[in-house]
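Chemist: starting from these lines, generate the structure:
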Amino acid sequence: MSKWKVIAPLGLLAAAGAAAAAVLLKKKDGGSAPKGASPAAAKKAAPKETLMKTGEYSFVSGFKDARTVEVKLDYDALRFGFDVIGEDFLTYSSDSHVAVVSGEDFSFQMEYASFYKGEDFALVTETAAQKYAGFASVRFGGVEGFSYREGDSVCFCLPVDEYSYLLLTLLKAEGCDKTLEELAGGEELKALLSTLRIETK
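Modeler: Coordinates of the predicted model:
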């Protein structure tokens, strides 16, 4: 074996001893975070806390053979609010009550809309496709409908029964840097609306 492998210079031994002592002191004091790790990175890596709830909105559909329609939607109560209100609507409505879902980037109003005599959802869809800009077919879970741009909002129309449909009006929150179209096609809104369940009684 070579002599230089057996006998290390005193300078190197001293440096190694100092490094070992520093490591022992750090361990004794509780150590420190790995190099490059920050509290923000550790927080980001932690799973998001959620508080899932179900919002319910009901209304009467039809006239002679009226039935109650119940619409349910699951939401994270730590990120969104859900209320059924009879005044101070987000946007004009002739209904007696609407449901409102509000979040940091957007809010939407959910209300029932009755068909006029001779109308059905197919006719409403055809008319909207000819009338509105940004018309597009949409699907949330098992519910298929359409959306379109109207002024400062994007509207979603989803079928209920032969008498009525749901109208959802999406509004961008003040200070949100995303476009209305980005919000309308975003994963956050899709995740919410994909939990919609429409039941008639």
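
Chemist: tell me what the closest residue to L168 other than its chain neighbours is bridged to.
Modeler: Sequence neighbours aside, F156 is the residue nearest to L168 in space, at 4.2 Å (criterion: CB to CB, 6 or more residues apart in numbering). Placement of C-beta: from N, CA and C, glycine included. Applying DSSP bridges to F156 gives these bridge partners: S147, L168.

Chemist: who's in contact with F156?
Modeler: V138, G145, F146, S147, L166, L167, L168, T169, L170, L193 (CB atoms under 8 Å, 6 or more residues apart in numbering).

Chemist: go on, D161?
Modeler: Per CB under 8 Å, 6+ apart, neighbours of D161: S61, G62, R67, V69, T200.

Chemist: how does it look with 6 Å?
Modeler: Neighbouring residues of D161 by CB atoms under 6 Å, 6 or more residues apart in numbering: S61, T200.

Chemist: does it count as helix, strand or coil?
Modeler: coil (DSSP: H, G, I helix; E, B strand; the rest coil).

Chemist: for it, grab phi and psi.
Modeler: With angles defined as degrees, to the nearest 10, D161 sits at phi -150, psi -160.

Chemist: what's the pLDDT at it?
Modeler: For D161, the pLDDT comes out at 94.

Chemist: separation between the residue nearest to L168 and E162?
Modeler: Look at F156 and E162: by CB to CB, to the nearest Å, they are 20 Å apart.

Chemist: got it, and A113?
Modeler: Look at A113 and E162: by CB to CB, they are 13 Å apart.

Chemist: so the residue nearest to G55 when sequence neighbours are not counted is in which element?
Modeler: Among residues not flanking G55 along the chain, F82 sits closest, at 3.5 Å (CB to CB, 6+ apart). Using DSSP states H and E, F82 falls within strand 81-85.

Chemist: partner strands of that strand, with direction?
Modeler: As assigned by DSSP bridges, strand 81-85 forms pairs with strand 98-102 (antiparallel).

Chemist: follow-up on the earlier one: how close does the residue nearest to L168 sit to Y116?
Modeler: Applying CB to CB to F156 and Y116 gives a distance of 20 Å.

Chemist: also G134?
Modeler: 24 Å.

Chemist: who has more neighbours, these two?
Modeler: When G134 is set against Y116 and neighbours are counted by other CB atoms under 10 Å, the residue ahead is G134, at 13 against 8.

Chemist: contacts only, for that one.
Modeler: So G134 contacts Y148, R149 (CB under 6 Å, 6+ apart).
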